[in-house]
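Visitor: sharing a model that was predicted from the sequence below.
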Amino acid sequence: MQKHDHNGHITTEEHFSTDTAGLVETVGSEVVDLADGDVVELRIAPVTKRIGDATVRMLAYNGSIPGPTLRVREGSELVVNVANEADLDATVHWHGLRLDNRYDGTHETQAPIPVGGTFSYRIEFPDPGVYWYHPHIREDYGQEMGLYGNILVVPADPDYWPPAHRDFLLTLDDILIEDGKIAPFGREETTYAAMGRFGNVMLVGGETDLSLNARVGEVVRFYLTNTANTRVFNVAVPGARMKLVGGDSGRYEREEFVESAVLAPSERLVIDVLFEEAGQRTLEHRTPGRTYALAMIDVSAEQARPSLADQFDSLRQNSEWVAERERLASYFDAPPDKTLALVAEMDMGTPEGPVVYACPMHPEVVSEEAGSCPKCGMKLLATAASGYVCPMHAEVVSDNADHCPKCGMKLLPAALVAQSSGHGEHAHHGHGHGDHGVGAGNAHHGHGTAEAAESTHEGHGHHGHDNQGEADGIEWEDDMVDVNRITTPANMHWSFVDRETGAANHAINWRFRVGDQVKLRLVNEMDSDHPMHHPFHIHGAGRFVVLARDAAREENLVWKDTVLVRTGETVDILLDVTNPGIWMAHCHIAEHHESGMMFSFNVDPADAD
């Protein structure tokens, strides 16, 4: 059934509203300093936000995107009263926090908050670091629409972090704008289930054109949180020095200087940056194919006082990890307790009549038989074989799969060539166009515009799976836009499979006890219909360390709740089980989670029978 909203746009009852009439504008996000025992009011409601030339309907916590940053001290406890005034049932998940299970914020630990309803959470903060909160019902919709906010847990030890002059807490996100609105979401079904929903506009701290200031000699601490549905960020600040000091849940075993750092969906990084010269610097997102400017940093000639250069040059070894590494020593070479395979099954159907099989990511790969792409391993999809054309010379047409007389290239099915040529029209995947309601002001920041594409890594183009070494097992962009758009949980099945029992997703039935140390092996299968990376997240049953990647021991340990498992990679982690209850584990690409790539496990108290 079609109807029109107040702006005259056609909408349907099957989609969430994009109507902006009568909504209040977003307000600036604030940092709220809180003491032990404080009570916080959090309201979920629709708002309007200006993104480039478009005014769009979004969702917000307390009217801001991101929501308010909660700044608390280690060991504190808060009560958070949540009111749901949005357009669907809600929960709030407190990502990365080890807390009382009943307040974890999933449908398994609480009744969903109905529209017009409320719920009170009692939240504990046992570990220093940066955390965040977000929905756990239709996570793909809520996060894209703006429902995310940071939590900064200040260490009880004043010397926990190295000295810095000040800090910035920034969320890194992208959003898909089409025809001046956020691309539609079905009420009943998730789309973009294959690769996840990539955006065409970057939002840093909720802004498209964020500008920051610094002084010469200043050490600025960046707390970075990736709140995107699917995009992996690789952050750098050219012309300044970067030092990696912390991750998901506290500080690294040792500090190290880095040129850039990778941040998967839901991961956090704590990075100190020393600005040694005056001028303009850029916080960048670098991929093998292009560079996006995320924020501009104006460094004034004013000298920062006191000088922290000597402390910045010192790479500290953090004392608590000496004992932890000794405690963990026997687990590095131990066999895994559990092994999870990460796999995909894709069923896009078969058209009537003659077909050929082609890779949606590499249209030049065409076969007369079903199989997998030799370049990326993806399942070849059945495509109607109705005429063949040359991808280089569109005027060359044949009824047979011959070769082009002009260039010698193999002729491809016409449908595939049409799909491939339309591929570049989607600005939201960084292919050099910017005509979907994104303002010209974004060109300065590389948010999917032709100007930005020409000014960064000229001639490189976007990456393809045929260069997995360069891409490092990560899908940096959506390389199969048209197919991805129509994938749903009905035709794209993502799974965790317990290699011992064969159980998948909800059928996995693990049981642990508080005090257990559980070694998990995560195997990202190449023998899968669509091999790609996955950020694997475990809820507050405990925290884990990464022990090894492809059998190579991890040299610098940090407590984590999310780990990026690249395409074809095997990762060993050790889960330190501390909290009883029923806990989720899932892929934090929101569309994969909604497509079934999750399971829950039980943790019994230490003294249980």
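Guide: Ah, there it is. Numbers count the residues shown, from 1 in each chain.
Visitor: from T227, how far off is the most centrally placed residue in the chain?
Guide: When C-alpha atoms, centre = their mean is applied to the chain, the residue found nearest the centroid is P265 (2.1 Å). Computed as C-beta to C-beta, to the nearest Å, the P265 to T227 distance reads 8 Å. For the C-beta atoms, the positions are set from N, CA and C on the backbone; glycine is no exception.
Visitor: bridging residues for T282?
Guide: M296 (DSSP bridges).
Visitor: per-residue confidence for S595?
Guide: The model reports S595 with a pLDDT of 89.
Visitor: neighbours of it, just the number please.
Guide: Using other C-beta atoms under 10 Å, S595 has 27 other residues around it.
Visitor: the one 3 residues further on now?
Guide: The tally of other residues near M598 (other C-beta under 10 Å) stands at 21.
Visitor: residue contacts, the spatially closest residue to it that is not a sequence neighbour?
Guide: Leaving aside its chain neighbours, M598 sits nearest to H586 (3.3 Å; criterion: C-beta to C-beta, 6 or more residues apart in numbering). Applying C-beta atoms under 8 Å, 6 or more residues apart in numbering to H586 gives the contacts F536, H537, H592, H593, M597, M598, F599.
Visitor: low-confidence ranges, the stretch 101-250 of the chain, go.
Guide: Regions of the stretch 101-250 of the chain meeting the criterion pLDDT under 70 are absent.
Visitor: the helices in it, which residues?
Guide: Secondary structure of the stretch 101-250 of the chain (DSSP state H, counting those that start in this stretch): helices located at 139-144.
Visitor: helices along this protein, start to end?
Guide: Using DSSP state H, the helices of the chain run over 139-144, 309-313, 320-328, 414-423, 450-455, 468-471, 481-485, 590-594.
Visitor: confidence-wise, which of these is weakest overall?
Guide: Minimum mean pLDDT among the helices of the chain: helix 450-455, a mean of 31.
Visitor: what's the nearest residue to Q317 if we skip its chain neighbours?
Guide: Spatial nearest neighbour of Q317, excluding adjacent residues (C-beta to C-beta, 6+ apart): R254 at 4.8 Å.
Visitor: now do that neighbour, the pLDDT please.
Guide: pLDDT recorded at R254 is 97.
Visitor: surely it and N556 touch.
Guide: Yes: between R254 and N556 a contact is recorded at 5.9 Å, counting by C-beta atoms under 8 Å.
Visitor: does E108 really touch S600, like I thought?
Guide: Yes: contact criterion C-beta under 8 Å: E108 and S600 qualify, at 5.9 Å.
Visitor: these two: who's more crowded?
Guide: The neighbour comparison of E108 against S600 (other C-beta under 10 Å) goes to S600, with 20 against 14.
Visitor: where's D298 relative to E218, distance?
Guide: According to C-beta to C-beta, D298 stands 12 Å off from E218.
Visitor: if I look at the nearest residue to V397 once chain neighbours are set aside, how far off is V366?
Guide: With C-beta to C-beta, 6+ apart as the criterion, V397 has its nearest non-adjacent residue at 5.2 Å, and that residue is V389. Using C-beta to C-beta, we find V389 at a distance of 12 Å from V366.
Visitor: next up, the contacts around the residue lying closest to L564 once chain neighbours are set aside.
Guide: Of all residues not flanking L564 in the chain, A264 sits nearest, at 3.8 Å (C-beta to C-beta, 6+ apart). Contacts of A264 were listed using C-beta under 8 Å, 6+ apart, and they are N226, V232, H533, P535, T562, L564, H588.
Visitor: just checking, D498 touches L342?
Guide: No: contact criterion C-beta under 8 Å: D498 and L342 do not qualify, at 11.7 Å.
Visitor: tell me which of the two has more neighbours.
Guide: A side-by-side neighbour count of D498 and L342, using other C-beta under 10 Å, places L342 first with 25 against 18.
Visitor: and the pLDDT for that one?
Guide: On the pLDDT scale, L342 is placed at 96.
Visitor: would you agree it is in contact with R521?
Guide: No: the criterion here is C-beta under 8 Å, and L342 misses it with R521 at 11.1 Å.
Visitor: quick one on the thing from earlier: what's the neighbour count on the residue nearest to V397?
Guide: 20.
Visitor: would you check how far apart it and D402 are?
Guide: When V389 is compared with D402 (using C-beta to C-beta), they lie 11 Å apart.
Visitor: could you do S260 as well?
Guide: Note on S260: its distance to D402, by C-beta to C-beta, is 46 Å.
Visitor: ditto for P265
Guide: P265 is 44 Å from D402, where distance means C-beta to C-beta.
Visitor: the more surrounded of D298 and E218?
Guide: More neighbours surround E218 than the other of D298 and E218, with 23 against 13 (other C-beta under 10 Å).
Visitor: look up how far D272 lies from the nearest residue to that one once chain neighbours are set aside.
Guide: Spatial nearest neighbour of E218, excluding adjacent residues (C-beta to C-beta, 6+ apart): A304 at 3.7 Å. Going from A304 to D272 by C-beta to C-beta gives 13 Å.
Visitor: where does the stretch 451-600 of the chain dip in pLDDT?
Guide: Scanning the stretch 451-600 of the chain for pLDDT under 70 picks out 451-471.
Visitor: now do the strands in it.
Guide: Here the stretch 451-600 of the chain has its strands, by DSSP state E, counting those that start in this stretch, at 492-498, 511-513, 517-524, 534-538, 542-549, 552-553, 562-565, 570-577, 581-587, 598-604.
Visitor: who does the last one pair up with?
Guide: Okay, so that is strand 598-604. For strand 598-604, pairing defined by DSSP bridges yields strand 511-513 (parallel), strand 581-587 (antiparallel).
Visitor: can you say which of the ones you listed is packed in most?
Guide: Of all the strands paired with strand 598-604, strand 581-587 carries the top mean neighbour count, a mean of 23, counting by mean count of other C-beta atoms under 10 Å.
Visitor: neighbour count for A304 and D272, which is higher?
Guide: For A304 and D272, the more surrounded residue by other C-beta under 10 Å is D272, and the numbers stand at 25 against 20.
Visitor: hmm, F312 and the more buried one touching each other?
Guide: Yes: under the criterion of C-beta under 8 Å, D272 makes contact with F312 at 6.7 Å.
Visitor: which residues do the two both contact?
Guide: P162, V219, K243.
Visitor: and these as TSV, adding distance to R511?
Guide: What follows is the shared contacts of D272 and F312, written out as TSV (distance: C-beta to C-beta, whole Å):
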residue	distance to R511
P162	41
V219	47
K243	41
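Visitor: out of those, who's nearest R187?
Guide: Lowest distance from R187 to the shared contacts of D272 and F312 (C-beta to C-beta) belongs to K243, with 45.8 Å.
Visitor: now for that closest one: which residues touch it?
Guide: The contact partners of K243, by C-beta under 8 Å, 6+ apart, come to P162, E255, E256, F257, V258, I271, D272, V273, L274, F312, L315.
Visitor: neighbours around the fourth one, how many?
Guide: Around F257 sit 13 other residues, with neighbours defined as other C-beta under 10 Å.
Visitor: got the contact list for it?
Guide: By C-beta under 8 Å, 6+ apart, the contact list for F257 reads R241, M242, K243, L244, L315.
Visitor: buried subset of the residues you listed, written for PyMOL?
Guide: Buried residues within the contacts of F257, by 16 or more other C-beta atoms under 10 Å, are selected in PyMOL with:
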select buried, resi 241+242+243+244
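Visitor: closest to R286 among the contacts of F257?
Guide: For the contacts of F257, the residue nearest R286 by C-beta to C-beta is M242; the value is 12.3 Å.
Visitor: which parts of the stretch 201-350 of the chain are strands?
Guide: Taking DSSP E, counting those that start in this stretch as the test, the strands found in the stretch 201-350 of the chain are 201-204, 211-216, 218-226, 233-236, 241-247, 250-258, 261-263, 268-275, 279-286, 291-303, 338-346.
Visitor: ends of stretch 167-184, how far apart?
Guide: With C-alpha to C-alpha, to the nearest Å as the measure, stretch 167-184 spans 36 Å from end to end.
Visitor: how about that stretch, which residues are buried there?
Guide: Neighbour-count burial for stretch 167-184 flags 167-178, 180-184 (criterion: 16+ other C-beta under 10 Å).
Visitor: mark which of the residues you listed are part of strands, please.
Guide: 167-175, 177-178, 181-182 (DSSP state E).
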